[in-house]
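*Asks:* Here is the input, now give the coordinates:
(2 chains)
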Number of protein chains: 2
Amino acid sequence: MTGGYAARPAPAGTGRRPTLAVVGATGAVGTVMLEFLSRRADVWGEIRLVASARSAGRRPAVRGVETPVLALSEEVFDGVDVAMFDVPDEVAARWAPIATAKGVVVVDNSGAFRMDPDVPLVVPEVNAHAARVRPRGIISNPNCTTLSMIVAVGALHAEFGLSGLVVSSYQAASGAGKAGVDTLRAQLAAVVGASAGTQPGDVRRAVGDTLGPFPAPLALNVVPWVGSPREDGWSSEEMKIRDESRKILGLPGLPVSATCVRVPVITTHSLTVHACFENEVSVAQAHEILANAPGVVLVDDPAEGEFPTPADAVGTDPTWVGRVRRALDDPKALEFFACGDNLRKGAALNAVQIAEFVAAELTTP
Amino acid sequence: MTGGYAARPAPAGTGRRPTLAVVGATGAVGTVMLEFLSRRADVWGEIRLVASARSAGRRPAVRGVETPVLALSEEVFDGVDVAMFDVPDEVAARWAPIATAKGVVVVDNSGAFRMDPDVPLVVPEVNAHAARVRPRGIISNPNCTTLSMIVAVGALHAEFGLSGLVVSSYQAASGAGKAGVDTLRAQLAAVVGASAGTQPGDVRRAVGDTLGPFPAPLALNVVPWVGSPREDGWSSEEMKIRDESRKILGLPGLPVSATCVRVPVITTHSLTVHACFENEVSVAQAHEILANAPGVVLVDDPAEGEFPTPADAVGTDPTWVGRVRRALDDPKALEFFACGDNLRKGAALNAVQIAEFVAAELTTP
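*Replies:* Below you'll find the predicted structure:
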C-alpha cells in the first residue's frame, strides 16, 4: 500500500509538546519504555498508557506520576501524535492502522510491518533518515537480535562497505518474554542441587514438564532453535536477521547466514559476527570506528580480561563490542563479538529513540 | 625431528595381546577412558594405570578388576606397547619421549605435539591412515572443540570438497576440567535464588570471587574467551580449531575463522558451522552423507522439535548434527549445528579408538 496517508498537522510552532501513547505499557518491554520516558521530562506532553483490558486500571509511574492504564480502544488514539506499540504481531496488524487513520505516527515493535516496503525499519544510529519517509504512517522497530549487533555492523559498513555476514546468536531467555525468564529460573532451581548435565536426558528429567516457551530444556543447555519454522529448515528468527539487516543497511542483496541459539542467560543477546567487506580492513581502524560510534562501547583487551559479556551489558543502553580480529585468511573480513540488552536497545530504547526523532520532527518549525 | 624412531617389535603372531598404559588414569578424561576400556575385554592384555604420585595407590576398576595406580616413572613403561596420555602439555612434552624411547607408541591428548609435522593428528573416522606414519612414535589426539565437529565436517568434505569454515563454539564448563564443573555448579547455586541477570554487575556480585578457571562469571552468562592469548587478538582455542582442522583434513591452506565462547553447560561442546565447498551442495545430499557417516547421529526435523542439544548428546559417543541448511546466498555453502560430549569423543573415546587402531596394527600378522 502506498499513499493515502496524510501527515497529521504537526504541533510545530504551537508551543505544544506532542502527545505520546504507549500501547502494551504493562509488558516487559513496555515497563522499560516507561523507564526511558521518565528520564526525559522535556520531550512529550501527555503520555497515555494503553494495554489490554486485563491490565487496564493499573497505575505505573511515568516521570514520577502514577498514570492510569487505559484499555485499548479507538478512542485512546484521539489527540495522540505518536504511539509506540509493543504488542503481539496480530494485535499490531489490527490496531496500528486504526491509530494511523487518526493521524498518529506509529512506532511498532512487532514483526507485522517490518518487511512492508512502505514501512521504514529504523535504527537511529544507522538509518535515521529513513524514518522521515513513512507512507503508511508506521515506522518499524527491528527484532531484538538484529538490534544487538546492527549498530556496530552499520558503523563498520559505513567505512568499509559490507559484502557479507555470517552470524551466530547466543540469545537470552527474556527474548521469549516473562514466561521465558520464569521458565529458566524454575529450571535452574530444579537442576542446581542435582548432578544433572552429565548423563543423557538427566537435564530433561530434572526440569520435567517445565519447558515453558522453549522447545527443549534451557538450564545447563543451549537450544539451537528460536522462532517458528520457515522454508528449507530456516527459523523465523534467522530469516529476520537476514531480511532486517539487508533493509536497515540498504543492501537488499547482502549475503547473510544466521544461526540462532538460545542460551541460559536471563537478559542480553550476544552474537558472534564474521563480516566481509569490499575493502581491506585493519583491527586498528575497526577499533577507531567502533570507539567513536554512537551507541557502541568497545571493550577489547582479552589478554587483560577485557571483553564484553551479557552479565556486564545487561541493564545498559549501548551495544558492547569486543574480540575484534581480522580474519587470518581474508584481509577484507573481521570477526567480533557483540552483545546488547534485548529489552533496552533491543526493543524499548530503540523505539523511544525513533519516537523522539519523530517528536523532534513534529516540533521543529 | 624425523627418523630415529625404531618401531617396537610387534607382538603380531605371538598370540600375546598388547599391553596398554593409561597415563593420567585418575583424571576426568582418564576415568572415561577406563569406562571405554572396560567395554571391550578382547583388545588389550595388561592395562597398567599411571598417574601423579599424589594419586598413586588408588584402585579404580578396569574391566571389572580393581587395578592399582602406579606413580609416573620410567619403569612403568617397561613392556608397554601403547600408552594413552591425558596429562598437561608440559608433562606430556617431558614423558612421551621417555615412553617412545622404550618403544611405546604414545597416543597423546595434550597440545604438546599436535602441530609437530612428524606427529600425526588423528580422528579415525576421518584420517585413520595417518596413524600409520608416526616418525616420533607419537600420535596426537585433537582438541575437544575440534573433535566436536570434525567428524561431520570430514564426511561432508569427502563428498563436496571443503573450501572454508566459519565456526562459533558453545563450550561446556568441563572443558576446563573438574574445577570448571565445580565452579559452574557453585555459581549456579549462588545465582539461583537471587534475581541476578537483570542489572549490570549483579551476576558478578552474586558469584563473588568464585570465578575458578574462567575469566568472567559463567552462570547466567556466556564468556567469549577460551584459552590463552595468541597474536592479533586470537585465543589459543580458536587457533587450535584452525590449525587442527587443516591438519586432520589435509588442507593446509583452508580458510578457517573460529570464535570460541564458553556457555553454562556442564559437559558437551556445541558449534555452529558455516562450511563452504568446491561444489554445489544440497540438504538432501548432506542429510544422506551425515545419516550414513560413522560416528554421526543426524537429528534434523526442527518443525517437529527434532534438533540436537548438549542435554541429549551428553554421555553419548557420536557427534550429533542438525539444523542442516543450504546458505540462501551461496549454493556451495551449508550451515549446521553440531555437538558432542567433550569428555568422550572429544577426548577419551577418540584416544581409545586410536589406541585400538594401533593395537590392531600391532597384532595383525
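*Asks:* Okay, now the unreliable bits of chain A?
*Replies:* For chain A, the stretches flagged by pLDDT under 70 are A:1-14.
*Asks:* can you give me the helices in the stretch 1-150 of chain A?
*Replies:* A:28-39, A:89-101, A:124-127, A:144-160 (DSSP state H, counting those that start in this stretch).
*Asks:* how many neighbours does the closest residue to chain B within the stretch 201-350 of chain A have?
*Replies:* Residue nearest to chain B within the stretch 201-350 of chain A: A:Ile266 (3.0 Å; CB to the nearest CB). Every C-beta, even on glycine, is put in place using the N, C-alpha and C of the backbone. Counted with other CB atoms under 10 Å in any protein chain shown, residues neighbouring A:Ile266 total 24.
*Asks:* cool, A:Gly30 as well?
*Replies:* 27.
*Asks:* From B:Asp86, how far out is the nearest residue to it once chain neighbours are set aside?
*Replies:* The shortest distance from A:Gly30 to any non-neighbouring residue, by CB to CB, 6 or more residues apart in numbering or on different chains, is to A:Gly24 (4.6 Å). Here A:Gly24 is placed at a distance of 55 Å from B:Asp86 (CB to CB, to the nearest Å).
*Asks:* Dump the helices of the stretch 1-150 of chain A into TSV; add distance to B:Ser174 as well.
*Replies:* Formatted as TSV, the helices of the stretch 1-150 of chain A follow (distance: least, CB to CB, whole Å):
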stretch	distance to B:Ser174
helix A:28-39	34
helix A:89-101	41
helix A:124-127	40
helix A:144-160	28
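*Asks:* Next, the residue of the stretch 201-350 of chain A closest to chain B: secondary structure please.
*Replies:* Secondary structure state of A:Ile266, per DSSP: H, G, I helix; E, B strand; the rest coil, is coil.
*Asks:* In this structure it contacts B:Thr198, no?
*Replies:* Yes: the pair A:Ile266 / B:Thr198 is scored as a contact, 5.9 Å apart, by CB atoms under 8 Å.
*Asks:* list the contacts for A:Leu70?
*Replies:* Applying CB atoms under 8 Å, 6 or more residues apart in numbering or on different chains, we find A:Leu70 in contact with A:Arg48, A:Leu49, A:Val50, A:Ala51, A:Ala56, A:Val76.
*Asks:* If you could redo that for A:Lys247, that was the one I meant.
*Replies:* A:Arg114, A:Met115, A:Leu121.
*Asks:* what are the ranges of the strands in chain A?
*Replies:* Here chain A has its strands, by DSSP state E, at A:20-23, A:47-51, A:61-62, A:65-66, A:69-71, A:82-85, A:105-108, A:138-140, A:162-170, A:256-259, A:269-277, A:296-298, A:319-326, A:333-340.
*Asks:* what's the second one packed up against?
*Replies:* The one in question is strand A:47-51. Under the contact criterion of 3 or more CB pairs under 8 Å, 6 or more residues apart in numbering or on different chains; DSSP states H and E, strand A:47-51 touches strand A:20-23, helix A:28-39, strand A:69-71.
*Asks:* Which of these sits closest to B:Ser148?
*Replies:* Closest approach to B:Ser148 among the helices and strands packed on strand A:47-51 (CB to CB): helix A:28-39, 34.6 Å.
*Asks:* so how far is the closest one from its chain's centroid?
*Replies:* Relative to its chain's centre, helix A:28-39 lies at 14 Å (CA atoms, centre = their mean, to the nearest Å).
*Asks:* how many degrees apart are it and helix A:144-160 in direction?
*Replies:* 60 degrees (axes from the mean of the first three to the mean of the last three CA atoms, to 10 degrees).
*Asks:* rewinding a little: winner for burial among the helices and strands packed on strand A:47-51?
*Replies:* Burial of those is given as mean neighbour count (mean count of other CB atoms under 10 Å in any protein chain shown); strand A:20-23 ranks first at a mean of 28.
*Asks:* neighbouring strands for that one, and are they parallel or not?
*Replies:* Using DSSP bridges, strand A:20-23 pairs in its sheet with strand A:47-51 (parallel), strand A:82-85 (parallel).
*Asks:* Tabulate those in TSV, adding columns for distance to B:Ala179.
*Replies:* Conversion of the strands paired with strand A:20-23 to TSV gives the following (distance: least, CB to CB, whole Å):
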stretch	distance to B:Ala179
strand A:47-51	48
strand A:82-85	48
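*Asks:* Could you identify which of these is most buried?
*Replies:* Mean neighbour counts for these (mean count of other CB under 10 Å) peak at strand A:82-85, with a mean of 27.
*Asks:* May I have that strand as PDB, with CA atoms only?
*Replies:* The C-alpha coordinates for strand A:82-85 follow below in PDB (Å, rounded to 0.1, in the frame of the first residue of the first chain):
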ATOM      1  CA  VAL A  82       2.900   9.400  18.300                       C
ATOM      2  CA  ALA A  83       2.200   5.800  19.600                       C
ATOM      3  CA  MET A  84       4.700   3.200  20.500                       C
ATOM      4  CA  PHE A  85       3.300  -0.300  20.100                       C
END
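*Asks:* can you list contacts of that strand?
*Replies:* Here strand A:82-85 has contacts from A:18-24, A:33, A:50, A:77, A:91-92, A:95-96, A:99, A:104-110, A:351-352, A:355, A:358-359, A:362, using CB under 8 Å, 6+ apart.
*Asks:* go on, stretch A:153-163?
*Replies:* A:123, A:125-127, A:165, A:245, A:248-249, A:251, A:254-255, A:273, A:275-279, A:281, A:285-286, A:289-290, A:293, A:296, A:332, A:334.
*Asks:* Then stretch A:351-365?
*Replies:* A:10-13, A:17-18, A:20, A:33, A:36-37, A:40, A:43-44, A:81-82, A:84, A:86, A:105, A:107, A:109, A:122, A:124, A:128, A:131-132, A:139, A:141.
*Asks:* List buried residues within the residues you listed.
*Replies:* Among the contacts of stretch A:351-365, those scoring as buried are A:11, A:17-18, A:20, A:33, A:36-37, A:43-44, A:81-82, A:84, A:86, A:105, A:107, A:109, A:122, A:124, A:131, A:139, A:141 (criterion: 16 or more other CB atoms under 10 Å in any protein chain shown).
*Asks:* OK, contacts around the residue of chain A positioned farthest from its centre?
*Replies:* Distance from the centre of chain A peaks at A:Gln199, with 36.6 Å (CA atoms, centre = their mean). Residues near A:Gln199 by CB under 8 Å, 6+ apart: B:Val314, B:Gly315.
*Asks:* roughly how far apart are it and B:Leu184?
*Replies:* Taking CB to CB, one finds A:Gln199 at 16 Å from B:Leu184.
*Asks:* burial count for the closest residue to A:Phe336 other than its chain neighbours?
*Replies:* Using CB to CB, 6+ apart and skipping the chain neighbours, the partner closest in space to A:Phe336 is A:Val324 (4.6 Å). Number of residues near A:Val324 (other CB under 10 Å) recorded here: 25.
*Asks:* So A:Val324 sits against A:Asp301, correct?
*Replies:* No: using CB under 8 Å, A:Val324 is not in contact with A:Asp301, being 10.6 Å away.
*Asks:* Which two among the contacts of A:Leu70 are spaced furthest apart?
*Replies:* Largest separation among the contacts of A:Leu70 by CB to CB: A:Arg48 and A:Ala56, giving 12.3 Å.
*Asks:* OK, contacts around the spatially closest residue to A:Asp202 that is not a sequence neighbour?
*Replies:* Spatial nearest neighbour of A:Asp202, chain neighbours left out: A:Ala196 (4.6 Å); criterion: CB to CB, 6+ apart. Contacts for A:Ala196 (CB under 8 Å, 6+ apart) come out as A:Asp202, A:Val203, A:Arg205, A:Ala206, A:Leu220, B:Ile266.
*Asks:* Most neighbours among those, which one?
*Replies:* A:Leu220 (32 neighbours).
*Asks:* Now do the contacts for that residue.
*Replies:* Shown in contact with A:Leu220 (CB under 8 Å, 6+ apart): A:Val191, A:Ala196, A:Gly197, A:Val203, A:Pro264, B:Pro264, B:Val265, B:Ile266, B:Pro310, B:Ala311.
*Asks:* now the residues you listed in TSV, with distance to A:Val151?
*Replies:* What follows is these, written out as TSV (distance: CB to CB, whole Å):
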residue	distance to A:Val151
A:Val191	35
A:Ala196	38
A:Gly197	35
A:Val203	35
A:Pro264	25
B:Pro264	27
B:Val265	29
B:Ile266	34
B:Pro310	31
B:Ala311	34
